[in-house]
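A.B. asks: Take a look and give me a structure for this.
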Amino acid sequence: MKNIIGIKKERNDFMSKILVSYFSASGVTKKVAHEVASIIGGDLFEIEPVNKYTNEDLDWTNKQSRSSKEMNDTTSRPEVKNKVSNLNDYDTILIGFPVWWDLAPTIINTFIEENNLENKKIYVFATSGGSSVINSFNTLKNTYNNLNFISAKRLASNVSENDVTNWIM
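C.D. replies: Model (predicted):
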């Protein structure tokens, strides 16, 4: 595998290690994350909620659904099932998620706040049927202004190597 961030190299090199972390409620972002990790030679980490989201939880038209309540509460921090045990091994972190209400789901805030991402290069990718990733990215960048957010890209489920290399290179 090759690493496209900064320099192409074999996966065994000890230069730069990449973590592709992602939250996926319906499986679309998971598929994209796996493709991205394959393209760049990154390790995968799923940001899994302790309580998985049901279809009813994800009903954005219902103001009482779990996702609606979480997104309307800026202090909401859904609990994450697992932690990244070897985060210090990584120089670059990709964070992927579906766009909810023009933002990153609040579980992304949980992930960021539970992990020391200082001195890491952070790239954001999002999946969406039509929303841009710009507001999500800018909100994360402004909320966590001590972190090194590099850039963001909306990726479709048919992500290609060109999509990823043109974005990160």
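A.B. asks: When you work out contacts or count neighbours from here on, use the C-alpha atoms and nothing else.
C.D. replies: OK.
A.B. asks: need the strands for this protein, in chain order.
C.D. replies: With DSSP state E, the ranges of strands along the chain come out as 18-22, 43-46, 92-98, 121-127, 148-154.
A.B. asks: Just the residues contacting the shortest one, thanks.
C.D. replies: When you say that, I think you mean strand 43-46. Residues outside strand 43-46 that contact it (CA atoms under 8 Å, 6 or more residues apart in numbering): Ile18, Leu19, Val20, Ser21, Tyr22, Phe23, Ser24, Lys30, Ala33, His34, Ala37, Val84.
A.B. asks: Adjacent strands (with direction) for that strand?
C.D. replies: strand 18-22 (parallel) (DSSP bridges).
A.B. asks: Okay, angle between the strand it pairs with and strand 92-98 too, please.
C.D. replies: Angle, strand 18-22 to strand 92-98, by axes from the mean of the first three to the mean of the last three CA atoms, to 10 degrees: 20 degrees.
A.B. asks: List the contacts of Asn51.
C.D. replies: Glu79.
A.B. asks: Tell me how far it lies from Trp167.
C.D. replies: According to CA to CA, to the nearest Å, Asn51 and Trp167 sit 33 Å apart.
A.B. asks: Check Asn62 too.
C.D. replies: 35 Å.
A.B. asks: Of all the strands of the chain, which one is nearest Ile112?
C.D. replies: Minimum separation from Ile112 across the strands of the chain (CA to CA) falls at strand 92-98, 9.3 Å.
A.B. asks: Quick one: list the elements packing against the closest one.
C.D. replies: Counting contacts by 3 or more CA pairs under 8 Å, 6 or more residues apart in numbering; DSSP states H and E, strand 92-98 packs against strand 18-22, helix 28-40, strand 121-127.
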